[in-house]
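Visitor: I'll drop the sequence and a predicted model, then ask my questions.
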Amino acid sequence: MARIGRYGILNLVVHPHPEGAYRRLFETLGADPRGVRFHGDRFATISPISETRNGVFTGKLATWTEIDPNSNLIDKSTLKESLLEESDIYIPDGIGFNSKVFSFAFREKDHTLYIELLNDEGQSISINRARSAFYKILSALLPKFIDEFDVHVKVQKNAVEKVLQIEKIRKVEIVLDLPNPDDLTEQKREILREIEEMHAKQIKAEITKSASEETITLTENYLAMAELSADNGHFSAYGRDEAGEAIHRSTKAYPLEIEAPVPADASRALLTRRVAEQNIDT
């Protein structure tokens, strides 16, 4: 049976973003291997990146657990505790435990990062956990030539439509962070221009249903804003289903994942690069 690779997608946005900014950013991040705490006792770092080919460069995200040298050891048979520093156990500097390594590929044209969610060792990472790792690494190591950044999980193309399938919508919320222009429709470009003209980095909109109406119907402008927020923030709706039960949906619940067969002779890095190069319409 052929192996199947599974990939999640992150939308990484930085300001300012002149040509080459994203590569310079990842070169900076990959030059510091110390690691950043990103979830509980888990740490993360990224490797130095590859050369750029066809607008894509690759690297690895590594996560691990670090042992606190001031923590206690426990004998599981007696539940007796002792200090790690008083034991015969020696942990060399620079050693992590329970490591997991995942390949990623970054497409510079639209600042889109593809990361494998299941590696060759059968270890997995969720796209939200991967987002947290990249966000914390950026937060700790952001170079001076970047003023602002954000990392969003790319969602399915019909995520907004799925959110709006609630039978009776009483409230919608739109959280839109300043996106990069890229290939936007004119209507979405106008929204971007409005944000920039106000010197703002984020728009939050909350729309509540009139008591005399059955549900909320978004105008074209607000629908465009909701679609723009799906990959640059989030869009949520609250209401009731056909049975009258309260229901809440968010675009966050519909992350985009890609599956691809893994050739027996292909490396993880090569396959991740291929996924980034081939899925240009995601």
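Guide: The structure has been received and is ready for your questions.
Visitor: give the contact list for the residue of the chain most remote from its centre.
Guide: Distance from the centre of the chain peaks at Thr78, with 43.0 Å (C-alpha atoms, centre = their mean). The neighbourhood of Thr78, defined by C-beta atoms under 8 Å, 6 or more residues apart in numbering, contains no residues. Every C-beta, even on glycine, is put in place using the N, C-alpha and C of the backbone.
Visitor: Please apply the same query to the one 4 residues further on.
Guide: The neighbourhood of Ser82, defined by C-beta under 8 Å, 6+ apart, consists of Asn72, Leu73, Asp75.
Visitor: Count the residues that sit near the second one.
Guide: Taking other C-beta atoms under 10 Å as the criterion, the count of residues near Leu73 is 14.
Visitor: Any figure for the gap between it and Leu29?
Guide: To Leu29, Leu73 is 34 Å away according to C-beta to C-beta, to the nearest Å.
Visitor: what's the answer for the last one, then?
Guide: Asp75 sits at a distance of 41 Å from Leu29 (criterion: C-beta to C-beta).
Visitor: circling back to that earlier point, mind putting the contacts of Ser82 into TSV with pLDDT and distance to Arg107?
Guide: Putting these into TSV (pLDDT from 0 to 100; distance: C-beta to C-beta, whole Å) gives the following:
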residue	pLDDT	distance to Arg107
Asn72	83	46
Leu73	81	46
Asp75	81	51
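Visitor: Narrow those residues to those in strands?
Guide: If you go by DSSP state E, the contacts of Ser82 have Asn72, Leu73, Asp75 in strands.
Visitor: Am I right that the first one is in contact with Glu81?
Guide: In other words, Asn72. Yes. If you go by C-beta atoms under 8 Å, Asn72 and Glu81 touch, sitting 4.5 Å apart.
Visitor: Low-confidence ranges, this structure, go.
Guide: 1-2, 181-183, 280-282 (pLDDT under 70).
Visitor: can you map out the helices along it?
Guide: Here the chain has its helices, by DSSP state H, at 21-30, 127-141, 159-163, 186-197, 220-230, 268-278.
Visitor: Glu206: how many residues sit nearby?
Guide: 10.
Visitor: before we move on, what about the one 4 residues further on?
Guide: Counted with other C-beta under 10 Å, the neighbours of Ser210 add up to 8.
Visitor: Could you do Glu242 as well?
Guide: 9.
Visitor: which residues touch the closest residue to Val151 other than its chain neighbours?
Guide: Nearest residue to Val151, sequence neighbours excluded (C-beta to C-beta, 6 or more residues apart in numbering): Tyr135, at 4.7 Å. Tyr135 is in contact with Phe38, Asp150, Val151, counting by C-beta under 8 Å, 6+ apart.
Visitor: Next up, the contacts around the residue nearest the centre of the chain.
Guide: Residue closest to the average C-alpha location in the chain (C-alpha atoms, centre = their mean): Arg131, at 3.2 Å. Going by C-beta under 8 Å, 6+ apart, Arg131 touches Leu10, Val151, His152, Val153.
Visitor: what's the closest of those residues to Met225?
Guide: Of all the contacts of Arg131, the one with the least separation from Met225 (C-beta to C-beta) is His152, at 15.1 Å.
Visitor: you'd agree the closest one is up against Ile9?
Guide: No. Using C-beta under 8 Å, His152 is not in contact with Ile9; the gap is 9.6 Å.
Visitor: The protein - how does it break down into domains?
Guide: 3-68+96-154+255-278, 159-253 (automatic domain parsing).
Visitor: is it possible to export those domains to JSON lines including distance to Ser87?
Guide: Below are these laid out as JSON lines (distance: least, C-beta to C-beta, whole Å):
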{"stretch": "domain 3-68+96-154+255-278", "distance to Ser87": "12"}
{"stretch": "domain 159-253", "distance to Ser87": "44"}
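Visitor: So which of the ones you listed is nearest Asp88?
Guide: Using C-beta to C-beta, those put domain 3-68+96-154+255-278 closest to Asp88, at 14.7 Å.
Visitor: Thought Ala264 was touching Leu271, still the case?
Guide: No. Between Leu271 and Ala264 no contact is recorded; they are 11.2 Å apart, counting by C-beta under 8 Å.
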